[in-house]
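>>> here's a sequence, model it:
(2 chains)
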Amino acid sequence: MRLILDVWRQDDAASPGRFERYEVAEATPEMSLLELLDMLNAQLVTEGRDPIAFDHDCREGICGSCGVMIDGRPHGPVDSTPACLQRVRNYAAGDIVTIEPFRAGAFPVIRDLVVDRSSLDRIITAGGYISTATNAAPEALTLPVNKHQAEAAMDHAACIGCGACVAACPNGAAQLFAGAKVAHLAELPQGQVERYERVRSMVTTMEDMFGSCTNYGECVPACPAGIELDVIAHLNRDFRRAVIHERRGEQPRRDDVPWLARLRSGPWLQSDPDDRPTDDRDADA
Amino acid sequence: MSIDLDQRRAIGDEIHGAAPTGDVKTLWEEHLLNLRLVNPANRRKFKVIVVGTGLAGAGAASTLSELGYQVEAFTLHDAPRRAHSVAAQGGINAAKAYKADGDSVDRLFRDTVKGGDFRSREADVHRLAELSVRVIDHLTALGVPFAREYGGQIATRSFGGVQVSRTFYARGQTGQQLQLAGSQQLLKEVGAGRTTLHTRVEMLDLIVADGRAVGIVVRDMITGEIRPVTAHAVILATGGYGNVYFKSTLAKSSNVTATWRAHKRGALFGNPCFVQFHPTSLPLSNEWQSKTTLMSESLRNDGRVWVPKQPGDDRAPGDIPEQDRDYYLERMYPAFGNLAPRDISSRAAKLQLDAGKGVGPLRNGVYLDFADAIERLGRATMEERYGNLFELYIDATGEDPLTTPMRIAPGPHFVMGGLWTDYNQMSNVPGLFVGGEASFNYHGANRLGANSLLSASVDGWFVIPWTVADYLAPRLGTEVLGHDHPDVVAAVADARARVERLLAVGGTTAPDHYHKELGQLLTDHVGVERHAEGLAKGQDAIRELREDFWRNVRVVGHGAQLNQELERAGRLADYLELAELMALDALDRDESAGAHFRSEHQTSEGEAMRDDEHWTSGSAWATAGDDGRPVRHSEPLTFEAVPLATRSYK
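Here you go, the predicted model:
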């Protein structure tokens, strides 16, 4: 089947980009959209032209390498599916498929469809982990974990780090990504010790690079890992608690972040500074 | 055709893995006492390079960094999390014995030795089993959301080749969760300023000076800059080379370049012909399919494998009554049934396919049927256990395994071979350590399911950090090599010349075309079943293909930019050399063992026939000398704790 491809071409970060039109004559329905790019690239190389650069690796939806906008949607026409698993069968002969890089302020284009997503890792570097030195762990059964909590943690931990949520967001926000990690670790007993320092650190780092969340919810259908919007509620709840903890002196103040200082003095915390919530855990229920 | 092996290879010396002798149960503990230590205040004086940020690499890098060494970590991906460990689905074995089913460290040890068909090093395998217990503790502490029972305990399941339940899992995404735990630890160290992480940087060569590994040559994949990085020790955790078959279950960027370049600089390559074909891959459906999709082996817990009894039966699976079905694994291997080990299941499937009993439009698969399990456990349980695998399958084929049996077929998956290492995970080049799938020592001629995440975790977190200290301790006070050292300059010049040579060929054929051809040659001649004549033919054909590659490849673009064609061509150039050695090793090893099935060596029932008298050994290949013949050294293997026996799963 014949398809027309409008593909974003850009030589490097400094050069301006443009769409170029190509034609693929013999696409087949079971091909993935990345295999469609493979086919087009084989054609281009035969003609001695530069193939289209794009990130991809496992081709089975788990590595999170692939990430392109297809017809204006992160990863392509089918919801909750990474580009490597989107199929040509969703198109009809003669259709135009528009392929461009993820568009987000925090993801500068490197070349063609390849973008720099290292900003996501900077969020993890700020606190998306549990600090346990190798060889220091207790016997694994010491802390039983409620099955439902383990399942919920796994739901949140399923994030593949592709950045589709950011690309889908009109604000270019990374709340779904950061929220997934915060929620994953906060769900488990092992994650409690660093819970509030983690969220404070991750959010302050995130806000430096990404836009802010205004609850559009565009990220959810774009997410290939099925991360739900509730992780953002989780993120916000834990973050607010972290600020309360800071006010109470249970956590060191961070004076290096001006907007944190504004939050700290904001009306939403002014009602009664000594009003200690009876039990943080109860608020979770 | 007469095959004169001596024209193809030279015989080298007997070598030894430096495993301590004594009671295998206490070896590692005693060995730890004998390893030299580096004082905490002195660790920052040592710089260690870690190539690869998969489970083994991230584990080693983060642990060494926590200990206080200066670590430089390298990955060709844009983020450490993307390493191919992420794709392991089913689980990780550990001898926790959380169930009253008779499991123990010794049983995991025995299962692994036996599963590897007695071609691995006993001492190393025992260590693997012992440390498995710590690995689960560590991963749990790092926040891996292992599946739980209602009482809060960690759940386990069974995997192929064993009769106990010792596989820990996080849905069908165990590798992802372990990989995330590892890469998060690595990023934690980056944040603490103790580790420098280089992303989108590819290793092109190893720098060896005075016989020691002292650094690597890397290429920045965005700018094309080629530069040296020197250190006191180099750790390679760069994964396996199964992608040499082109259509494999591996990620597209998985490659052999790091280990192959180390081999060219003197590191011995162990058992290159030991390749595992995974029995539960999806059958290929079209020419443009870029890889073979893997379905976790865990599916065999609840799925029954069958083909129609009559060749060419093209009825829909639901229309084929019980009496016309052959549940061949249950029939041939009643004790293990559908959980027979991978090599045996793959070969059994190939027998059915060769007999014309394949199913599906291209008749290239066998059925994996969940109907009985659905009836027994209900759809909800099945969805909970295998939900994401089923989704993957539906997406790939448009068929729902809850209503129609899955179709599966053997696909190249994991390589037991890799750089030869001693008991300290150090290659014969001092200062060069190798861990995870890149090394060769645990799995013998066949790997048991869920032992791959285990060996990567054990090497990275619990072996290499200790053994590297032993190597570094006496080198206190030595400086890393300057970039003007002649050996450094020469290695960089070599790497640059190779890139320029690739760009200068100026032929007409794309690298991927050669890769597909190479994959076909290997599948035909060095596949599930091999024989001498085919291997000799295969070796010659691979050499011809390589010569053609260097005459006719076309690498478009230039070297000073992000150039994925250049990356592919460089990796393929190394694959073309490796493939020849794989064929030669398979030809040289004149026996059947595990996944290496030579059709000349089989029992009357079609089972693999080992030749213990001549081949109870590991092959460790040195790169070809001036006469063009690679040299095969040999490491004798002894089996004391698990006496040599014919492997039987009947």
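>>> show me the strands in the stretch 1-150 of chain B, by range?
Along the stretch 1-150 of chain B, counting by DSSP state E, counting those that start in this stretch, strands occupy B:10-14, B:47-51, B:70-74, B:92-93.
>>> can you check chain A too?
A:3-9, A:18-24, A:68-70, A:73-74, A:96-101, A:109-111, A:114-115 (DSSP state E).
>>> which stretch among the ones you listed comes nearest B:E607?
Nearest to B:E607, of all the strands of chain A, is strand A:18-24, at 47.8 Å by CB to CB. Backbone N, C-alpha and C define where each C-beta goes, glycine included.
>>> got the contact list for that closest one?
With contacts defined as CB atoms under 8 Å, 6 or more residues apart in numbering or on different chains, strand A:18-24 is touched by A:2-10, A:36, A:39-40, A:43-44, A:98, A:100.
>>> at 7 Å instead, please
A:R2, A:L3, A:I4, A:L5, A:D6, A:V7, A:W8, A:R9, A:L36, A:M39, A:L40 (CB atoms under 7 Å, 6 or more residues apart in numbering or on different chains).
>>> just the strands of chain A: most buried one?
Most buried of the strands of chain A, by mean neighbour count (mean count of other CB atoms under 10 Å in any protein chain shown): strand A:114-115, with a mean of 26.
>>> can you tell me the strand partners of that strand and which way each runs?
strand A:109-111 (antiparallel) (DSSP bridges).
>>> what's the span of stretch B:393-403 from first residue to last?
End-to-end span of stretch B:393-403 (CA to CA, to the nearest Å): 12 Å.
>>> with adjacent residues omitted, what lies nearest to B:A209?
In this structure, B:A209 finds its nearest non-sequential neighbour in B:D487, 4.0 Å apart by CB to CB, 6 or more residues apart in numbering or on different chains.
>>> helix or strand: which one has that neighbour?
helix B:486-504 (DSSP states H and E).
>>> and the residue lying closest to B:V555 once chain neighbours are set aside, what element?
The shortest distance from B:V555 to any non-neighbouring residue, by CB to CB, 6+ apart, is to B:A569 (4.7 Å). If you go by DSSP H and E, B:A569 is part of helix B:564-588.
>>> and that helix, average pLDDT?
The average of the pLDDT scores along helix B:564-588 is 98.
>>> does any part of stretch B:433-449 sit near chain A?
No - against chain A, stretch B:433-449 shows no contacts by CB under 7 Å from any CB of the partner chain, the least distance being 13.8 Å.
>>> regarding that stretch, how distant is the last residue from the first?
Taking CA to CA, the first and last residues of stretch B:433-449 lie 25 Å apart.
>>> what do you get for stretch B:500-518?
23 Å.
>>> pull out the buried residues from it.
By neighbour count with 16 or more other CB atoms under 10 Å in any protein chain shown, stretch B:500-518 contains the buried residues B:L502, B:L503, B:V505, B:T509, B:A510, B:P511, B:D512, B:H513, B:Y514, B:H515, B:E517, B:L518.
>>> pretty sure the first one contacts B:V556?
The one in question is B:L502. No - here B:L502 does not reach B:V556: they are 11.2 Å apart, not a contact under CB atoms under 7 Å.
>>> can you name the residues in contact with whichever strand or helix holds B:A536?
Per DSSP H and E, B:A536 falls inside helix B:532-552. Under the contact criterion CB under 7 Å, 6+ apart, helix B:532-552 has outside partners B:1, B:3, B:505, B:507-509, B:514, B:517-518, B:521, B:524-526, B:576-577, B:579-580, B:583-584, B:586-587, B:600.
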